[in-house]
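Participant: How does the following fold in three dimensions:
(one chain, ligands or ions: 1)
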Amino acid sequence: MSLGPGQTSRAWMYDDLLPGPTLRGRTGDGVRMTLVNGLQEQTVVHWHGVDAPEHADGHPRLAVGPGATLAYDFTLENRAGTYWYHPHPHERTAIQTYRGMAGFFLVDDADSDALDLPAGSREVPLVLQDKRLDGSGEIVYAPSGPDIMTGFLGDVPFVNGTPFPYLPVDRTLYRFRLLNGSNARIFDLALTTGLSFVLIGNDGGFLERPETLQSILLGPGERVDVLVDFTGAPAGDTVVLQSRAFSLAGPPSSQGVAMDLMRFVISSAPAAPRALPEALPALPASPPTEGVPQQTFSFTSGMGRHRINGSAFQMDRVDARIPLGEPQVWRFLNASPVPHPVHLHSAQFRVRSRIGGRGRLYPWEGGLKDTVLLMPFESVEVVVHFVRHRGLYLMHCHNLEHEDDGMMLNFEVT
Ligand SMILES: [Cu+2]
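Facilitator: Next up is the predicted model:
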């Protein structure tokens, strides 16, 4: 694949595209896809954030070897939202995702249609990543021990598979679907020239109400759906999407360094202004949580080993069980000096509190989430409610080096 003028690198891709093809469906659609494994190792696809039945969720025990195929057939049950897909083979998720295997899975429904948001060339999915390149411009993936402690961090920003790209934009409203598709890097997103984000959605679809924000902290695996209004921007101006510097205690690394991710170049062509939505579709009702069972999961990174409740992932061991339809409160404790973005398969959850560290929740953590960022020594409480599928699913850290090192467990919806 090309990285710009005169520069190429090898990549591992879905359908020879970097990122993979953007899949788009409507709630209630049947999804039928076939994975054809052209790698020299096993792989499997996980539909991140999508409530797939057990056989279609991409659990590593379902991975297929080189040359083999795997058929997916399920009904799309999620509400409108910004979902995505990536590999999930045992201990090889990090390298396969890093080398290029990831794509968007966008879902629409009657509610999203009714909002009449910017569409076509003014609705742009952007997958944000970081890479390391060697002297010849080849993408490098060779994590050292310290890299596995912090996660593998790159120094070159990639957006949609291109280093520091630009996008010409008209002077009107745009919708950006932002995905942090990095293995380990956390982005503190902001726009230059005083522009702000109007946050309308996150992992599991639209939020309760639009919110204007100057910055959004996005951990690996998390998504936000934002509107940006370029109406007042001067023609010829360049607006930069940046990750701002932030400080982080713990082992030294480049986590938190400032990075310019991409540029928007304002066109001189006239464009009709568009109004922002005043209200967003209602969220599904929350389950009652009074007196419901609780479970605690402790994420530790001692001696360079990443564990949940002291154990490394084992393919056939079930670490937690939860009855279908029973709401529970799950507490995730980060008992370590490194961040852990915690991801659940099978259903979206609600984040209800954070203690330690930042000690509060942020607007992009409202609504429905499938991934929540725990900075060092933070803990969060989430309300889980599995209502669709019984079966074996995963909880894991979405820092992919941590995941592959064993910070993952099986839970069974019974
Ligand atoms: Cu982690």
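
Participant: Just to be sure, Thr212 is in a helix?
Facilitator: No. Going by DSSP: H, G, I helix; E, B strand; the rest coil, the assignment for Thr212 is strand, not a helix.

Participant: Any figure for the gap between it and Leu227?
Facilitator: Relative to Leu227, Thr212 is positioned 9 Å away (C-beta to C-beta, to the nearest Å). Where C-beta positions appear, they are placed from N, C-alpha and C, glycine not excepted.

Participant: For the two, indicate the residue with more neighbours.
Facilitator: Leu227 (23 against 13; other C-beta atoms under 10 Å).

Participant: Report how many residues lie close to Asp109.
Facilitator: 18.

Participant: got it, and the one 4 residues further on?
Facilitator: Here the number of neighbours of Asp113 (other C-beta under 10 Å) works out to 11.

Participant: counting contacts, what elements does the helix or strand hosting it pack onto?
Facilitator: Here Asp113, judged by DSSP states H and E, is contained in helix 110-115. Applying 3 or more C-beta pairs under 8 Å, 6 or more residues apart in numbering; DSSP states H and E, one finds that helix 110-115 makes contact with strand 205-213.

Participant: returning to what we had before: any shared contact partners between Thr212 and Leu227?
Facilitator: 197-198 (C-beta atoms under 8 Å, 6 or more residues apart in numbering).

Participant: Specify the beta-bridge partners of the residue in the stretch 151-300 of the chain that the ion sits nearest to.
Facilitator: The ion sits closest to Phe299 of the stretch 151-300 of the chain, with a gap of 6.3 Å, by C-beta to the ion. As for beta bridges, Phe299 partners with Ile308, Asn334 under DSSP bridges.

Participant: distance of it from Ala110?
Facilitator: Distance from Phe299 to Ala110, by C-beta to C-beta: 39 Å.

Participant: neighbour-wise, which of these two wins?
Facilitator: Phe299 (24 against 10).

Participant: Tell me if I'm right that Pro376 and Ala335 touch.
Facilitator: No. Judged on C-beta atoms under 8 Å, Pro376 makes no contact with Ala335 at a distance of 9.4 Å.

Participant: what about the helices in this structure?
Facilitator: 93-98, 110-115, 145-150, 400-405 (DSSP state H).

Participant: Out of those helices, which is the most enclosed?
Facilitator: helix 400-405 (a mean of 26; mean count of other C-beta atoms under 10 Å).

Participant: Can you redo the helices of the chain as TSV, where the extra columns are distance to Arg305 and mean pLDDT?
Facilitator: As requested, the helices of the chain are exported to TSV (distance: least, C-beta to C-beta, whole Å; pLDDT from 0 to 100):
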stretch	distance to Arg305	mean pLDDT
helix 93-98	16	98
helix 110-115	43	97
helix 145-150	9	94
helix 400-405	7	98
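
Participant: Now that we have those, can you turn them into a markdown table and tack on distance to the ion?
Facilitator: Below are the helices of the chain laid out as a markdown table (distance: least, C-beta to the ion, whole Å):
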| stretch | distance to the ion |
| --- | --- |
| helix 93-98 | 11 |
| helix 110-115 | 32 |
| helix 145-150 | 9 |
| helix 400-405 | 3 |
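
Participant: how about those, which one is nearest Pro168?
Facilitator: Closest to Pro168 of the helices of the chain, according to C-beta to C-beta: helix 110-115, at 25.0 Å.

Participant: which residues are contacting the closest one?
Facilitator: Counting by C-beta under 8 Å, 6+ apart, 79-80, 206, 277, 280-281 sit against helix 110-115.

Participant: Pairing partners for whichever strand in the chain runs longest, with directions?
Facilitator: Ordering each strand of the chain by length in residues (DSSP state E) puts strand 123-133 first. Sheet pairing for strand 123-133, assigned by DSSP bridges, gives strand 139-140 (antiparallel), strand 156-159 (antiparallel), strand 173-180 (parallel).
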